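In: My questions are about this predicted structure, shown below with the sequence.
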Amino acid sequence: MRIDAHQHYWKIDRGDYGWITPDIPVLYRDFLPQHLEPLLNKHKLDGTIVVQAAATLAETDYLLTLSESSDTILGVVAWLDLADPDYRNHYERFAQHPKCVGFRVMIQEMPDANAILAPSYLEAFTYFADKGIPIDLLVVSHQLTPLVELLDKVPGLHAVIDHIAKPRIKAGELEPWKSQISQMAAHPNLFCKLSGMVTEADHDNWQPADFLPYIEHALEAFGYKRVMFGSDWPVSLLAASYDEVVSVLEQALPQTWTELERERLFGRNAKEFYRI
């Protein structure tokens, strides 16, 4: 099974997406399964993991309902606010839906990422770690210090880092991202999505070579059994077409990789991580 492990759908008139404005015309329209399915067919992808794109419970309900009418939606990653005292009940309600495969914590949006080390967050992460619930972690490279500490405090967390932790690709910076990725990858339950890279580069002037050191290090640190392909479509359209996103990753893969290694990157790892 070939899977795009990270993409989004939205309807603008729902009003959930305050970050998508008319000033971003490439994104300011509806993106739904019928718009992506031709591209999935072109790249022989069987389906996708749809990830929340708004910090509302209502958007997750919408995505779960949308999944009922699309066979290509293999799973939905919900939104959850771990600072909400009622977070367990919210997740249990989502989890009753057969296509809910986990939830995402939007560390990226936190004014201070050290909040994830507060006792209430540690309690919540430990609760989900004990249950083995898949968690997506949306984080920016400058927020990795508290995430490294979180993983040391909750080593059993069954989680995946979205967008290779958003390194400063446009600036060509590798450290301290590179060292911190290595530290985090030492936790065997942690995975990494090779997604969201084109939007961290120069949107108008990137070259495939810009991504090579980042992809190479993620593959070296996590190994072929803990990485996933994700397009981050349609956000990726800010910098590249779907075809270009796939091509960037394909060009960066080691020539020595076997079909088994490619199979794991392009679907099997996501299938196992999200228990599809």
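Out: Structure's in. What do you need?
In: Now the lengthiest helix in the chain: average pLDDT?
Out: Longest helix in the chain, counting residues (DSSP state H): helix 119-131. Confidence over helix 119-131, taken as the mean pLDDT, stands at 97.
In: That one - contacts with which helices or strands?
Out: Applying 3 or more CB pairs under 8 Å, 6 or more residues apart in numbering; DSSP states H and E, we find helix 119-131 packed against helix 87-95, helix 144-153. C-beta coordinates here come from the backbone N, C-alpha and C atoms, glycine included.
In: ok, 6 Å please
Out: Secondary-structure packing of helix 119-131 (3 or more CB pairs under 6 Å, 6 or more residues apart in numbering; DSSP states H and E): no helix or strand packs against it.
In: report the angle between the axes of it and helix 87-95?
Out: 40 degrees (axes from the mean of the first three to the mean of the last three CA atoms, to 10 degrees).
In: can you dump the C-alpha coordinates of helix 119-131 into PDB?
Out: What follows is helix 119-131, C-alpha atoms only, in PDB (Å, rounded to 0.1, in the frame of the first residue of the first chain):
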ATOM      1  CA  PRO A 119       3.300  19.000  34.600                       C
ATOM      2  CA  SER A 120      -0.100  19.000  32.900                       C
ATOM      3  CA  TYR A 121       1.400  18.400  29.500                       C
ATOM      4  CA  LEU A 122       3.800  15.700  30.800                       C
ATOM      5  CA  GLU A 123       0.800  14.000  32.400                       C
ATOM      6  CA  ALA A 124      -1.100  14.100  29.100                       C
ATOM      7  CA  PHE A 125       1.800  12.900  27.000                       C
ATOM      8  CA  THR A 126       2.400  10.000  29.500                       C
ATOM      9  CA  TYR A 127      -1.300   9.100  29.400                       C
ATOM     10  CA  PHE A 128      -1.200   8.700  25.600                       C
ATOM     11  CA  ALA A 129       2.200   7.100  25.600                       C
ATOM     12  CA  ASP A 130       0.900   4.400  27.900                       C
ATOM     13  CA  LYS A 131      -1.900   3.800  25.500                       C
END
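In: can you give me the angle it makes with helix 144-153?
Out: Note on geometry: by the same axes, to 10 degrees, helix 119-131 and helix 144-153 are set 50 degrees apart in direction.
In: Mind listing what's buried along helix 119-131?
Out: Along helix 119-131, the positions that meet the burial threshold by neighbour count (16 or more other CB atoms under 10 Å) are 121, 124, 125, 128, 129.
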